[in-house]
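Show me the folded form of this:
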Amino acid sequence: MTMKICPSCGMQIATESSFCPNCGARQNTQTSYESNYYSHPQRMSTNKILSIVALVISIISIFLGGLLAEIAAIIIASIVLNSQDQSEPEVITMSKIALIMSIVFIIIRIVLVIILGGIAALFYL
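Just a heads-up that it's a prediction; the model follows:
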């Protein structure tokens, strides 16, 4: 028979005992076990992926130009913002940033086309 020490009085008692025979203290009889359950790493949500894509497209199109890329970023960000799942605040923030950046730079491109006009404007689209 294996023995353990009572945490209350320090007397040796049988491992299977529910109570200490000396002081009457309740003993922890639960056996510990190791779980074979391994949690899978969390996958990124579709909205998070789309918001990152919209932000990256928006940032890249600022430096490389491209009206179509800005429009694509606006569409992707709008899809994320209009989705039913609004549980991730960082996703909403990234989508709003991408949307605002894209709209601002489309307006800047339109103003440049009006100011520069003609062939020079093609370099900014």
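
so how far is the strand or helix carrying Ile97 from its chain's centroid?
Per DSSP states H and E, Ile97 falls inside helix 89-116. Mean-position distance between helix 89-116 and its chain equals 24 Å (Cα atoms, centre = their mean, to the nearest Å).

can you name the farthest residue from the center of the chain?
Asn22 (54.7 Å; Cα atoms, centre = their mean).

Give me the distance between that residue and Gly10.
Using Cβ to Cβ, to the nearest Å, Asn22 is found at 9 Å from Gly10. Every C-beta, even on glycine, is put in place using the N, C-alpha and C of the backbone.

I'd guessed the residue farthest from the centre of the chain sits against Cys9; true?
Yes - if you go by Cβ atoms under 8 Å, Asn22 and Cys9 touch, sitting 5.2 Å apart.

Identify all contacting residues around the helix or strand containing Ile75.
According to DSSP H and E, Ile75 maps onto helix 67-81. Residues outside helix 67-81 that contact it (Cβ atoms under 8 Å, 6 or more residues apart in numbering) are 47, 50-51, 53-55, 57-58, 60-61, 91-92, 95-96, 98-99, 101-103, 105-106, 109, 125.

Just the buried ones among those, please.
Among those, those classed as buried by neighbour count (16 or more other Cβ atoms under 10 Å) are 47, 50-51, 53-55, 57-58, 61, 91-92, 95, 98-99, 101-102, 105-106, 109.
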